[in-house]
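Student: I would like to see how this sequence folds:
(chains A and B)
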Amino acid sequence: MGKHERLTLIFFALLLFLPVGLSAVGELLPAGYLLRVVSSALMLTSLALAQNVLLGYTGYPAFGGIAFFGIGSYTAGVLSKNLGFPLLLSILAGGVLSLIVAIAIAPVLMKLRSHYFAIATLALQLALAEFVSNLEFTGGSYGINLPIYRGFLEGYLFYLLFWAVALSAFLLNLYVDRSVFGYALKAIREDELAAESVGVNTVLFKSLSFGLMAFVTGLTGGVYAFWITYIDPSSTFDPLLSVKTFVALLLGGVGTTVGPIVGAFSLELISEVVWSRFLELHGIILGALIVLAVLFLPRGVVGAKG
Amino acid sequence: MSILELVEIHKSFGGNHVLKGVSLSVEEGEVLGVVGPNGSGKTTLINIVGGLVRQDRGDVVFDNRKISGLRPSERAKLGIGRTFQITRLFSNLSVLENVLIPLHYASSLPPKREYAEELIDLVGLSHKIKDRAGTLSLAQRKRLELARALALKPRLLLLDEVFAGLNPVSVREIVELLRKLNSEKGITLILVEHVLKALFQLTDRVVVLSEGRLIFDGLPEKMAEDPEVIKAYLGERYVEKGS
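Tutor: Presented below is the predicted three-dimensional model:
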C-alpha cells in the first residue's frame, strides 16, 4: 500500500473519533455544525469514489450517476415510510435496487461511449426525476417527509453511516486498483476492442463496474434521505450534485484511490468557507477556483504527483 | 485436419457488399497468406474469424465447432489470438500488465508472472518490461501485441499487417519469430499482408481476395502469373499483354 493510502486510512480512523473529540471539548466548538460539514464531505467522498470506479478505472463517465442517488433515497424513503421497514434495511435496499437497475440497463446503455454515454445517463437522471414527480406513492413533486431519527447514537448515527459508506467505497477503490478484477476494467478503459480480443467479456465487466457505482451511490442516497428527513425529486435527482461529484473527482485526481477523497474534502471545505465569507460572490469564487485547478492541475492534486 | 473452416461468408456494411460468399479451409499448423488490393475485404475477414464483426450469412467453424455465435472474448479463450493493423495496446498499463491480462482472462493455465516474462523475452522486450506500453516505438508495439496474443496460448493466430511500417531488420526478426512459433509450438498462422517478400518467406499457400471474392488459392509463385490476380491488381489490359 502506498504512503498516501496509509495516510488516508489513518484519516478515516481519526474521523471515526471526531464525534467523541467534539463532545469532549464541549461548548468550545460548534459541534453540530462541524459534524454536519464533515458529513457532507463524506457524502461527496462516497459519490466521487463511486464514480471513480466507473470513470477512473473503466473509462465511462456517468454524468447522470446521481440517478442512483435518487433511486437509493426514494427506495429508502418509501420502504420506511409506506411499508415500515427498519432504517438500515431500507438503506441497504436502496443500494441493492440501484445495483439491479444498473445491471439491467448497462448492456444497452453502455453501447454508447464518452459524451454520448454521459448524456444518456444524464437523460436517465432527469427522466427519473419526472417519473417520480408523477407517482402517487412517492408523494409526487411534494416529496416525502421522513420521521426524525430518535434512539441509539442519536445525533451521530448518520455521521457514522456516511463514514462507513465512504470507507467501504475507499476499500472498493483499493481493491479495483490492484486486483485481477481491476485489470479487466482498466483494459476496457484503455481499449475496449483489444480487451475483448484477449478474453475480457467487456459487456459483463463494464456492467459490473456500472453496478458497483450505482450500489455505492444508492447507499449514499439512502443515508442522505434519513439524514435530511425530507426528499423531493429536485433535491435527490439534482444535476448540481452531478456537477459537484465530477468537480471533486477532477480536482482530486481521476483514476487514483486517494484523489477523490482529497477532492471531495477540499471542495466541500472550500465551498463552506467561501459561502460563509462571501455570500453573494461564492458562486463566482468557487467557479474561479475550479478553473484555476483545471488549468494548473489537469490531472488533479493527487494525479499531479503520481 | 482443418482447424478453421469458413463457409459461404457474406458481409455488407450498409450498401457496401464487402464479402460475397467466401469459403476457405485452413489446416492445423498451416501458414496462410491473405492478400488483395485495398478494400478487398481482408481485414473484415480477419474480424469475422476473431468475432469483432458478425457475418450476415455463412458459418465460421473452428476445430469442428461452429463459433458464429460466440463473443470475441469466448473465441480468445478457445485459442484464437490476433493482432491489429493499427496496434491496440493498453497504453497506460505496463508492458508486463499488457501480457498478464490475457493470461488472467483467456488462458487455461494458472497465470504465472514467469510465463509473461518469458513471452516478453521471446519478443525481445525484456528491457522495457516496466515501461508504459504507450511509450514504445511502432516496432516494439507490434512485438508487444504479438506477446499479448501469445499469452492466450493460441492455436490460431490472426496477424493483420504485422510487417507494415517496420524496417527490414525488424521484418526479418519477426519473420524468424513467426517461423519459430509455427514450427515449434505448432501455431496456425493467418497473415493479411502487403509486404509480399516477407510473406513468401513464411508461407506456401496464398489466397487472393478481390472485391469480396476469393480469386486465387495456391502456391505463392503461381500467384503473379494468374490472370485473375493480374486483372485485380493491374487491370484488364495487362492480362491481354501478358498472355
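
Student: neighbours around the residue of chain A found nearest chain B, how many?
Tutor: When distances are taken as CB to the nearest CB, chain A reaches nearest to chain B at A:Gly199, 2.6 Å away. To be clear about C-beta, it is placed using only N, CA and C from the backbone, and glycine gets the same treatment. Residues contacting A:Gly199 under the criterion other CB atoms under 10 Å in any protein chain shown number 26.

Student: who's in contact with it?
Tutor: Shown in contact with A:Gly199 (CB atoms under 8 Å, 6 or more residues apart in numbering or on different chains): B:Ser73, B:Ala76, B:Lys77, B:Ile101, B:Pro102, B:Tyr105, B:Ala106, B:Ser107, B:Leu152.

Student: now with 6 Å, please.
Tutor: Residues counted as contacts of A:Gly199 (CB atoms under 6 Å, 6 or more residues apart in numbering or on different chains) are B:Ser73, B:Ala76, B:Lys77, B:Pro102, B:Tyr105, B:Ala106.

Student: for chain A, give me its nearest residue in chain B.
Tutor: Closest contact between chain B and chain A, by CB to the nearest CB, is at B:Ala106 (2.6 Å).

Student: quick check: phi and psi at that residue.
Tutor: Dihedral pair for B:Ala106: phi -130, psi -20, per degrees, to the nearest 10.

Student: assign a three-state SS to the residue lying closest to it once chain neighbours are set aside, would you?
Tutor: In this structure, B:Ala106 finds its nearest non-sequential neighbour in A:Gly199, 2.6 Å apart by CB to CB, 6 or more residues apart in numbering or on different chains. In terms of secondary structure, A:Gly199 is coil; the call rests on DSSP: H, G, I helix; E, B strand; the rest coil.

Student: from B:Arg148, how far off is A:Gly199?
Tutor: A:Gly199 sits 11 Å away from B:Arg148, taking CB to CB, to the nearest Å as the criterion.

Student: residue ranges with poor pLDDT in chain A?
Tutor: In the prediction, chain A carries residues with pLDDT under 70 at positions A:304-306.

Student: what parts of it come near chain B?
Tutor: Among all residues of chain A, those adjacent to chain B (criterion: CB under 6 Å from any CB of the partner chain) are A:Val180, A:Tyr183, A:Ala187, A:Glu190, A:Asp191, A:Ala194, A:Glu196, A:Ser197, A:Val198, A:Gly199, A:Val200, A:Asn201.

Student: what subset of those is buried?
Tutor: If you count burial by 16 or more other CB atoms under 10 Å in any protein chain shown, the buried members of those come out as A:Tyr183, A:Ala187, A:Glu190, A:Asp191, A:Ala194, A:Glu196, A:Ser197, A:Val198, A:Gly199, A:Val200, A:Asn201.

Student: need those residues in JSON lines with distance to B:Lys112, can you?
Tutor: Formatted as JSON lines, the entries for these read as follows, by distance: CB to CB, whole Å:
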{"residue": "A:Tyr183", "distance to B:Lys112": "15"}
{"residue": "A:Ala187", "distance to B:Lys112": "19"}
{"residue": "A:Glu190", "distance to B:Lys112": "23"}
{"residue": "A:Asp191", "distance to B:Lys112": "24"}
{"residue": "A:Ala194", "distance to B:Lys112": "22"}
{"residue": "A:Glu196", "distance to B:Lys112": "23"}
{"residue": "A:Ser197", "distance to B:Lys112": "22"}
{"residue": "A:Val198", "distance to B:Lys112": "16"}
{"residue": "A:Gly199", "distance to B:Lys112": "16"}
{"residue": "A:Val200", "distance to B:Lys112": "19"}
{"residue": "A:Asn201", "distance to B:Lys112": "22"}
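
Student: show me the strands in the stretch 201-306 of chain A, by range?
Tutor: Counting by DSSP state E, counting those that start in this stretch, one finds strands in the stretch 201-306 of chain A at the ranges A:230-231.

Student: which residues in it form helices?
Tutor: With DSSP state H, counting those that start in this stretch as the definition, the stretch 201-306 of chain A shows helices at residue ranges A:202-228, A:233-236, A:239-252, A:259-277, A:282-296, A:300-305.

Student: pick the most deeply packed of those helices.
Tutor: Using mean count of other CB atoms under 10 Å in any protein chain shown, the stretch among these with the largest mean neighbour count is helix A:202-228, at a mean of 26.

Student: that one: how far from the chain's middle?
Tutor: The chain centroid and the centroid of helix A:202-228 are separated by 8 Å, computed with CA atoms, centre = their mean, to the nearest Å.

Student: quick one, it and helix A:239-252 angle?
Tutor: Here the directions of helix A:202-228 and helix A:239-252 differ by 110 degrees (axes from the mean of the first three to the mean of the last three CA atoms, to 10 degrees).

Student: out of the helices of the stretch 201-306 of chain A, which comes closest to B:Lys142?
Tutor: helix A:202-228 (23.3 Å; CB to CB).

Student: what's the burial count for B:Leu146?
Tutor: Summarising burial for B:Leu146: neighbours were counted as other CB under 10 Å, giving 23.

Student: number of nearby residues for B:Arg57?
Tutor: Residues contacting B:Arg57 under the criterion other CB under 10 Å number 13.

Student: I figured it hits B:Ile9, correct?
Tutor: No: with contact defined as CB atoms under 6 Å, B:Arg57 does not count as touching B:Ile9 (7.4 Å).

Student: what's the most distant pair in the buried ones among the residues of chain A next to chain B?
Tutor: Maximum pairwise distance in those, criterion CB to CB, is 16.1 Å, between A:Glu190 and A:Asn201.

Student: B:Trp33 belongs to a strand, doesn't it?
Tutor: Not Trp; residue B:33 is Gly. Yes: the assignment for B:Gly33 by three-state DSSP puts it in a strand.

Student: residues in contact with it?
Tutor: Contacts were defined as CB under 6 Å, 6+ apart; by that measure B:Gly33 touches B:Leu191, B:Glu193, B:Leu199, B:Thr203, B:Val206.

Student: is it possible to get a markdown table of those that adds pLDDT and secondary structure?
Tutor: Rendered in a markdown table, the data for the contacts of B:Gly33 read as follows (pLDDT from 0 to 100; DSSP: H, G, I helix; E, B strand; the rest coil):
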| residue | pLDDT | secondary structure |
| --- | --- | --- |
| B:Leu191 | 94 | strand |
| B:Glu193 | 89 | coil |
| B:Leu199 | 90 | helix |
| B:Thr203 | 91 | coil |
| B:Val206 | 93 | strand |
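
Student: next, format those as TSV and append neighbour count and distance to A:Asp238.
Tutor: Rendered in TSV, the data for the contacts of B:Gly33 read as follows (neighbours: other CB atoms under 10 Å in any protein chain shown; distance: CB to CB, whole Å):
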residue	neighbour count	distance to A:Asp238
B:Leu191	25	56
B:Glu193	24	56
B:Leu199	22	61
B:Thr203	21	63
B:Val206	24	63
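
Student: closest to A:Leu208 out of those?
Tutor: If you rank the contacts of B:Gly33 by distance to A:Leu208 using CB to CB, B:Leu191 comes first, at 36.2 Å.

Student: quick one: the longest helix seen in chain B to strand B:31-35, angle?
Tutor: Under DSSP state H, the helix in chain B containing the largest number of residues is helix B:168-184. For helix B:168-184 and strand B:31-35, the angle between their directions (the same axes, to 10 degrees) works out to 140 degrees.
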